[in-house]
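Chemist: model the following, please.
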Amino acid sequence: MEAAHLSPIFDRARYSCPGTGARRRCSGAQIESQMQRCPFTLGLGEPNLAGKPTLEYDLVVRPLALHALKRSPGGFKESRNHEDQALCTIHQILESSWLFAARQLLARIERRLQGKGWAQAASDCWVLERVWKLLSEAEDLHMLMDPDDFLQLKSKLVIATDSDAYCFRSAALVQVMSSCKDLKQMVPWILGVEADPNGGPRVQDAAMRLFHGRRRGDGDNPGKIDLLQALQAVEVALRRFFFAHRQLVAAVMGSLKASGNQAVYVPSEALDSASQLFLEPPYFTRLDAAKTFLGDFWQQQEAKRR
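Modeler: Model (predicted):
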């Protein structure tokens, strides 16, 4: 997030000293001054008196991976269909940037959950929720493509829409989606109870105690509440991406080809893997029940006061 403010820093460092020679001499000090609140240094010749770590650009933007995918998969040196390169660029953004970041975040969330770092895991979950929103925005770039060129390209690539959702042909996207849904398995661990194999309300009761208990503000409970809220926010963003993409496919390819409502009528074994994920029961059923009972409790309390 700090990197978004680097451009104004460079501008102030450049124009604060008159003359090229003076500008070179004072630019390091100016960068050092402007980067005081940042947890890292840029490594551009500033003194770095605080000994902060240097921002490793290659780990952030991965330029080599992006340039390696510059040519379209078709392998044509000069493609007459300009949407071929546009489609390739969109999937570069998805595969090389945001899906890679999502996989790294999921791995870090798992480590922090195992180490009971609730607050840190919650922070990562909020970032993951934002990643899903950015994935939706990247998918919306398909709307910029020329319909005739894109549909011609679709016929050449043999993209079937009878049983496959278009973007879910990406194995990386399905993997990240499945890993996000698997986060629900950690809810009993977060609440400090074991799930009842017979379907008892053990997890629900623990959630009620966490949300409404007298000691809800003590110990690590505040971090747990934020974490559970963040996990459900990831679920909301994930489902928003799924259903918004169905509408996007209808707009780009036509509603008849998109088969946007086929998940209701087609047997689950005939669906693509992503559609099967969303036919499962809701994520956090016990948390939903706990919030429902909590809402009823406060409604009854308010009725008694009247």
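Chemist: what bits of the stretch 51-200 of the chain have low per-residue confidence?
Modeler: Where the stretch 51-200 of the chain drops to pLDDT under 70, the residues are 57-87, 96, 153-154, 156-169, 196-200.
Chemist: just the strands in it please.
Modeler: For the stretch 51-200 of the chain, applying DSSP state E, counting those that start in this stretch gives no strands.
Chemist: what sits against residue 43?
Modeler: Taking C-beta atoms under 8 Å, 6 or more residues apart in numbering, we find residue 43 in contact with 54-55. For the C-beta atoms, the positions are set from N, CA and C on the backbone; glycine is no exception.
Chemist: count of neighbours near residue 47?
Modeler: Residue 47: 10 surrounding residues under other C-beta atoms under 10 Å.
Chemist: would you confirm that it contacts residue 32?
Modeler: Yes. Residue 47 lies in contact with residue 32 (C-beta atoms under 8 Å); the separation is 5.4 Å.
Chemist: find residues that contact each of the two.
Modeler: When C-beta under 8 Å, 6+ apart defines a contact, no residue borders residue 47 and residue 32 alike.
Chemist: can you give me the distance of the residue nearest to residue 188 when sequence neighbours are not counted to residue 118?
Modeler: Of all residues beyond its chain neighbours, the one nearest residue 188 is residue 195 (4.6 Å), with distances taken as C-beta to C-beta, 6 or more residues apart in numbering. Applying C-beta to C-beta, to the nearest Å, the value for residue 195 to residue 118 is 19 Å.
Chemist: could you do residue 247 as well?
Modeler: Residue 247 is 36 Å from residue 118, where distance means C-beta to C-beta.
Chemist: more crowded one of those two?
Modeler: With other C-beta under 10 Å as the criterion, residue 247 and residue 118 differ in neighbour count, and residue 118 comes out ahead with 21 against 12.
Chemist: check contacts around that one.
Modeler: By C-beta under 8 Å, 6+ apart, residue 118 lies in contact with 190, 220, 223-224, 226-227.
Chemist: tell me, how many residues neighbour residue 190?
Modeler: The local packing of residue 190 (other C-beta under 10 Å) involves 23 other residues.
Chemist: now do residue 210
Modeler: Based on other C-beta under 10 Å, the number of other residues close to residue 210 is 19.
Chemist: would you say it is within a strand?
Modeler: No. According to DSSP: H, G, I helix; E, B strand; the rest coil, residue 210 belongs to no strand; its state is helix.
Chemist: and the pLDDT for it?
Modeler: Model confidence at residue 210, given as pLDDT, is 74.
Chemist: might one say that it is in contact with residue 191?
Modeler: Yes. Taking contacts as C-beta under 8 Å, residue 210 lies within contact range of residue 191: 6.4 Å.
Chemist: ok, now how distant is residue 193 from residue 30?
Modeler: The gap separating residue 193 from residue 30 is 55 Å, by C-beta to C-beta.
Chemist: now residue 91
Modeler: Using C-beta to C-beta, one gets 40 Å for the distance from residue 91 to residue 30.
Chemist: go on, residue 37?
Modeler: With distances taken as C-beta to C-beta, residue 37 is found 15 Å from residue 30.
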